[in-house]
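Asks: sequence first, then the predicted structure, then my questions.
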Amino acid sequence: MCNVVSVTAKPLCKDDFLQKIQKISDSDTQYIILREKYLSEQEYFNLAKNVLSVCDKDKLIIHNFPETAVKLGVKKIHLPFGAFKDLKGREDFDLLGTSVHSTEDAIFAEENG
């Protein structure tokens, strides 16, 4: 068995987005990264709150907004590398991911959670 991580792109979704999220959440997908980079933090918070109404909280990974994750009680986050380097409160998260683009970035990320 392999682990599948789904990454959202709401503008590309032709169907009802929340219904699609629910279907993915009900599947064998291990995680869903809610990666909607075009949204402001408030818009993202509102969307994430709606997603949580249909998605298993243990499967959801918040992207880019640590404060939103904390407010919603989501313990998994994925950050751009610069935000990862600056993150305070790492203990708030059970799963902390980042994007890396070099060996040095990968080593830093590994050493810092």
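Replies: Received, thanks.

Asks: all strands of this structure, in order?
Replies: 5-7, 31-34, 60-63, 76-79, 95-98 (DSSP state E).

Asks: any chance of those in CSV, with distance to residue 13 and mean pLDDT too?
Replies: For the C-beta atoms, the positions are set from N, CA and C on the backbone; glycine is no exception. Output for the strands of the chain, formatted as CSV (distance: least, Cβ to Cβ, whole Å; pLDDT from 0 to 100):
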stretch, distance to residue 13, mean pLDDT
strand 5-7, 12, 95
strand 31-34, 12, 97
strand 60-63, 16, 98
strand 76-79, 19, 96
strand 95-98, 23, 93
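
Asks: can you pull the buried residues of the longest helix along the chain?
Replies: The single longest helix within the chain, with elements called by DSSP state H, is helix 41-52. Neighbour-count burial for helix 41-52, counted by 16 or more other Cβ atoms under 10 Å, picks out 44-45, 47-48, 51-52.

Asks: repeat for stretch 83-93
Replies: So for stretch 83-93, counting by 16+ other Cβ under 10 Å, buried means 83-84, 87, 92-93.

Asks: and if you look at stretch 19-33?
Replies: 20-22, 24-25, 31-33.

Asks: before we move on, what about stretch 90-105?
Replies: 92-93, 96-98.

Asks: pull the residues that contact that stretch.
Replies: 61, 66, 69-70, 75-81, 83-84, 87, 106, 109, 112-113 (Cβ atoms under 8 Å, 6 or more residues apart in numbering).

Asks: any of those buried? List them.
Replies: 61, 66, 69, 75-79, 81, 83-84, 87, 109.
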